[in-house]
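> Sequence plus predicted model, see below.
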Amino acid sequence: MAALSICEALLLALNDHNLLPEAEILGILRDAAAAHENAVAPEGDREAHQAAAELINRIIAGGNSVRRP
């Protein structure tokens, strides 16, 4: 979760400084979620990947990373 928080903060900064548009940020988040959703791993690790995908999808749905209204 710490890594996800750091990445979220970096994406916010990139957007705030007009270095990366919202569409690109959402694409990065969607790609990351998909990578975790489709991960091939042992059962215990699979649960961790699913949890990571759920967190990323909540960020997308909540608009947190790009401060959408």
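In hand now; what should we look at?
> Could you use CA atoms for every contact and neighbour count after this?
Will do.
> Contacts for the lengthiest helix in the chain, please.
Counting residues, the longest helix found in the chain (DSSP state H) is helix 43-62. Identification of contacts with helix 43-62 by Cα atoms under 8 Å, 6 or more residues apart in numbering yields 1, 26, 29-30, 32-34, 36-37, 39-40, 65.
> PyMOL command to pick out the buried ones of those residues?
Filtering these down to the buried ones (16 or more other Cα atoms under 10 Å) takes a single PyMOL command:
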select buried, resi 26+29+33+34+36+37+65
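> Give me the subset of the contacts of helix 43-62 that lies in helices.
Using DSSP H, those in helices are 26, 29-30, 32-34, 36-37.
> And stretch 31-48, how far out from the chain middle?
Computed by Cα atoms, centre = their mean, to the nearest Å, the chain-centroid distance of stretch 31-48 equals 13 Å.
> buried set for the longest helix of the chain?
46, 49-53, 56-57, 59-60.
> which residues of this protein score low on pLDDT?
Counting by pLDDT under 70, the chain has low-confidence residues at 63-69.
> now do 90
The model of the chain has pLDDT under 90 over residues 1-9, 12, 22, 40-45, 55, 58-69.
> what's the neighbour count on Glu24?
Burial of Glu24 is recorded as 12 neighbouring residues (other Cα atoms under 10 Å).
> now, the most widely separated pair of the contacts of helix 43-62?
Val40 and Ser65 (27.1 Å; Cα to Cα).
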